[in-house]
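> next comes the sequence, and after it the predicted model I'd like to discuss.
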Amino acid sequence: MSAETIEFEAETRQLLQLVVHSIYSNRDVFLRELISNASDALDKLRLETYRDKDLQADVSDLHVEIVIDQQQRTLTVRDNGIGMSRDEVVSVIGTIAKSGTAELLERLRSAGDGTAQEAGAASELIGKFGIGFYSSFMAADRVTLITRRAGLDGGVRWESAGEGTYTIEDAPDAPQGTSVILALKPADPEDQLPDYTAPDTIRRIVRRYSDFITWPIRMTPPQSGDTDTAAEPETLNRRKALWARAKDEVSEEEYAEFYRHVSHDWREPLETIRLQAEGTFEYQALLFLPAHAPMDLFMREHRRGVQLYVRRVFIMDDCEALVPDYLRFVRGVVDAADLSLNVSREILQQDRQIQLIRKRLVRKVLSTVRTMQAEQPERYATFWSELGRAVKEGLLEDPDNREQILEICSFPSTRDPVEPTTLRAYKERMKPGQEHIHYITGESRTAVENSPHLEALRAKEYEVLLLTDPIDELWVDAVSEFDGTPLASVAKGELGLDDEDGTGADREQFAGLLTWLGEVLSDQVREVRLTNRLTTSPACLVGDSHDMTPTLEKMYRAMGQELPTIKRILELNPAHPLVVGLRDAHGERPDDGELAGTARLLHDMALLAEGGDLTDPARFVALLAQRLERAL
Ligand code: ADP
Ligand code: MG
């Protein structure tokens, strides 16, 4: 096929512009990204040769090579790994397939370009997902990629100056693997642009960012002009797996670089976890908790799992058998000594060793967070605000570890407008006589905080957890207690207060009203009763302990589920003048048709007060207008 010029997708073009124009700090990272890709490509090739015995590939000397040309001012990073087909080049290099990019770009754009501060914001944001291959354009004016997929005959040549377009054409003689050739920008120390044709600069960068890469990274120093003998290639990295080195021999920075390599996140990890098991069944793990929620955390197609190695040999990425879904943000490596090199994902799911490792990893991650909570509360707060929503899924997914998960949860509560509380701290503050951990679920803090359901508890100064994440609606049904103390919804069943029946009112006097209201409102509620839940509001709606909450009902409907209408219970405050007035009016004029309207208003007001949606808002408004008019 002849050369073709193709336009970048709009998003890619915007991203490239940002890379070229607004990121000034630390351009060195482009080399780390290219080496990281080369290393991935070598891993993939080795794996593919295990799986496909017929693959025509040369695996005799897998390595990464860095070539400097000082005359031409080019820097080449090449590997003899898996390579890419033409289609792969177009789909992975020509577009940004990464999910969440569109949203990110929107924020980048609003962060603006221009001032140093804004550029800082841009690069901070870009760090959120890394720009991988495109980072080449931080150092180069033009980038050429020549690649041949292992097992295919011809190769492809891709070239771009990082502006609107790229060209792509056949490269019949391309060797197996990928070369990325950078036409370097002029060196400019003032602009943090070192001379990338200087061997020392390359040595320093590789040592700093890519030392742990297990494939050899070789560099042949450029000829020094007057000698004829070709210089010997030197291997720049020490190639020692980090998890195989003694714990205290590895620096924070080395861990951070390794984290970047496995996570494709540009930032520092929040926490590094090491795990060692010896004996009959040996493995090592090096895990990281990110400091920020991965972009895809709540997307349907999220990444999940850690890398699996067998005796230092990379076996697979995203090994989901090793981590449960609710810990999908955990990144890192597990290196098991006794697995077969050609295990498949399906086999792993069943493997007893893998299940044992997984169990231990989960416990270790949970206990690490617990320690963090005790010893580094600020770090824990970051963890929780970024990743807590995912962790809470574990309350449903992993009943075996439920207690441990509950220990590391925190929830907003009525005690403080911003700071959440742990359940343990809540328990310590419980009032004498208080028997439950009270909570309310709903769509937003404002809606639940002012809900009439809280009135009696507020009067008693009981603290109430304000649960407003969609996942909260689900786990509260599965978790009945924490450390022996039952959890109780303030909008369900009886409140469980010590003076449960002390409504202070003569219940007999309301019997007629309750029966009549039950009839009038029968299409909306299934029962009308008196309550001690309210102090200032006339009425509220509650469910039975097994009823779905309105928010949950709404969630299911939004997902397209058909549900029967769920009728709730209308509770009345017998001390409220409106309720007393309605009772008296009904007693005097049982046939007054107007009173039914008042009953409907009472119900609709209760629904509005908890942030609910009226089924017939127009009727409500008409009734209300009529009554207001009369009151004037
Ligand atoms: P990431 O590495 O996070 O996927 P990159 O932008 O670094 O993102 O690379 C995008 C994709 O391009 C890679 O996922 C890979 O499929 C492909 N790629 C990049 N470099 C190479 C290479 N040297 N060999 C083979 N494929 C590569
Ligand atoms: Mg990459």
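Sure, I can see it. Ligands and ions are numbered 1, 2, ... in the order given.

> going by C-alpha atoms from here, please, whenever you check contacts or count neighbours.
Noted.

> and the gap between the residue in the stretch 101-250 of the chain positioned nearest to ligand 2 and ligand 1?
Relative to ligand 2, the nearest point of the stretch 101-250 of the chain is Gly132 (4.3 Å; CA to the ion). Per CA to the nearest ligand atom, to the nearest Å, Gly132 is found 3 Å from ligand 1.

> same check on Arg27?
For Arg27, the distance to ligand 1 equals 15 Å [CA to the nearest ligand atom].

> for Val90, same thing?
Taking CA to the nearest ligand atom, one finds Val90 at 10 Å from ligand 1.

> that residue in helix, strand or coil?
Three-state call for Val90 (DSSP: H, G, I helix; E, B strand; the rest coil): helix.

> show me what contacts it?
With contact set as CA atoms under 8 Å, 6 or more residues apart in numbering, Val90 has no partners.

> any weak-confidence spans in the stretch 451-600 of the chain?
Scanning the stretch 451-600 of the chain for pLDDT under 70 picks out 494-505.

> got it, and the chain?
1, 21-25, 94-131, 223-230, 494-505.

> what about the residue of the stretch 101-250 of the chain closest to ligand 2, neighbour count?
18 (other CA atoms under 10 Å).

> doesn't Glu33 make contact with it?
Yes. The criterion here is CA atoms under 8 Å, and Gly132 meets it with Glu33 at 5.3 Å.

> how close does the residue in the stretch 451-600 of the chain that ligand 2 sits nearest to sit to Tyr326?
Nearest residue of the stretch 451-600 of the chain to ligand 2: Ile471, at 33.0 Å (CA to the ion). Noted for Ile471: a distance of 12 Å to Tyr326, by CA to CA, to the nearest Å.

> quick one, which of those two is more surrounded?
A direct count of neighbours by other CA under 10 Å for Ile471 and Tyr326 places Tyr326 higher, at 21 against 16.

> show me the contacts for the more buried one.
Contacts of Tyr326 (CA under 8 Å, 6+ apart): Ala390, Val391, Lys392, Glu393, Gly394, Glu397.

> go again using 10 Å as the cut-off
297, 304, 387-398 (CA atoms under 10 Å, 6 or more residues apart in numbering).

> okay, and which of those map to helices?
Among the contacts of Tyr326, the ones falling in helices (DSSP state H) are Leu387, Gly388, Arg389, Ala390, Val391, Lys392, Glu393, Gly394, Leu395, Leu396, Glu397.

> show me where the stretch 401-550 of the chain has strands.
410-413, 416-422, 437-441, 464-467, 481-482, 485-489, 525-530, 539-542 (DSSP state E, counting those that start in this stretch).

> list the buried residues in the third one.
For strand 437-441, a neighbour-count test (16 or more other CA atoms under 10 Å) marks Ile437, His438, Tyr439, Ile440, Thr441 as buried.

> any idea which of those is closest to ligand 2?
Thr441 (41.8 Å).

> correct me, but that closest one touches Leu454?
No. Under the criterion of CA atoms under 10 Å, Thr441 makes no contact with Leu454, lying 11.5 Å away.

> which residues do the two both contact?
With CA under 10 Å, 6+ apart as the test, Thr441 and Leu454 both reach Val448, Val490, Ala491.

> so which of the residues you listed is the most crowded?
In these, the most neighbours by other CA under 10 Å go to Val490, 26 neighbours.

> flag every residue of the stretch 451-600 of the chain that's near ligand 1.
Contact residues, the stretch 451-600 of the chain versus ligand 1 (CA under 6 Å from any ligand atom): none.

> and the strands of the stretch 401-550 of the chain as a markdown table, adding distance to Ser340?
Output for the strands of the stretch 401-550 of the chain, formatted as a markdown table (distance: least, CA to CA, whole Å):
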| stretch | distance to Ser340 |
| --- | --- |
| strand 410-413 | 41 |
| strand 416-422 | 43 |
| strand 437-441 | 48 |
| strand 464-467 | 46 |
| strand 481-482 | 42 |
| strand 485-489 | 47 |
| strand 525-530 | 62 |
| strand 539-542 | 57 |
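
> could you single out the most deeply buried of those strands?
Greatest average neighbour count among those goes to strand 539-542 (a mean of 26), per mean count of other CA atoms under 10 Å.

> so which residues on this protein come close to ligand 1?
Counting by CA under 6 Å from any ligand atom, the residues of the chain near ligand 1 are 33, 37-38, 41, 82-84, 92-93, 131-133, 178, 264.

> helices along the stretch 351-500 of the chain, start to end?
352-375, 377-397, 402-408, 423-428, 445-449, 455-459, 470-478 (DSSP state H, counting those that start in this stretch).

> which residue packs closest to the residue of the stretch 451-600 of the chain closest to ligand 2, ignoring adjacent ones?
Spatially, and ignoring its direct neighbours in sequence, Ile471 is nearest to Glu393 (6.8 Å; CA to CA, 6 or more residues apart in numbering).

> same check on Thr515?
Per CA to CA, 6+ apart, closest to Thr515 is Val528, 7.6 Å.

> show me what contacts the most centrally placed residue in the chain?
In the chain, the centroid-proximal residue (CA atoms, centre = their mean) is Leu297; its distance is 2.7 Å. Listed by CA under 10 Å, 6+ apart, the contact set of Leu297 reads Arg303, Arg304, Tyr326, Arg328, Phe329, Glu386, Leu387, Arg389, Ala390.

> and it, backbone torsions?
phi -50, psi -40 (degrees, to the nearest 10).

> how much space separates it from Glu232?
Taking CA to CA, one finds Leu297 at 47 Å from Glu232.

> ditto for Arg630
Arg630 is 100 Å from Glu232, where distance means CA to CA.

> could you do Pro420 as well?
Look at Pro420 and Glu232: by CA to CA, they are 61 Å apart.

> surely Thr220 meets Arg203?
No. Look at Thr220 against Arg203 with CA under 10 Å: they stay out of range, at 11.1 Å.

> wait, Thr414 sits on Tyr462?
Yes. Taking contacts as CA under 10 Å, Thr414 lies within contact range of Tyr462: 8.7 Å.

> before we move on, the earlier item: residues touching the residue nearest to Thr515, list them.
513-519, 521-522, 539, 541, 568-572.

> at 8 Å what do you get?
Leu514, Thr515, Leu517, Gly518, Ile569, Leu570, Glu571, Leu572.

> returning to what we had before: tally up the residues packed near the residue nearest to Ile471, please.
18.

> that one against Asp469, yeah?
No. With contact defined as CA under 8 Å, Glu393 does not count as touching Asp469 (10.9 Å).

> and Phe411, bridged to which residues?
Thr421 (DSSP bridges).

> contact partners for it?
Pro420, Thr421, Thr422, Leu423, Leu465, Leu466, Leu467.

> for Arg203, same thing?
Contacts of Arg203 (CA under 8 Å, 6+ apart): Leu236.
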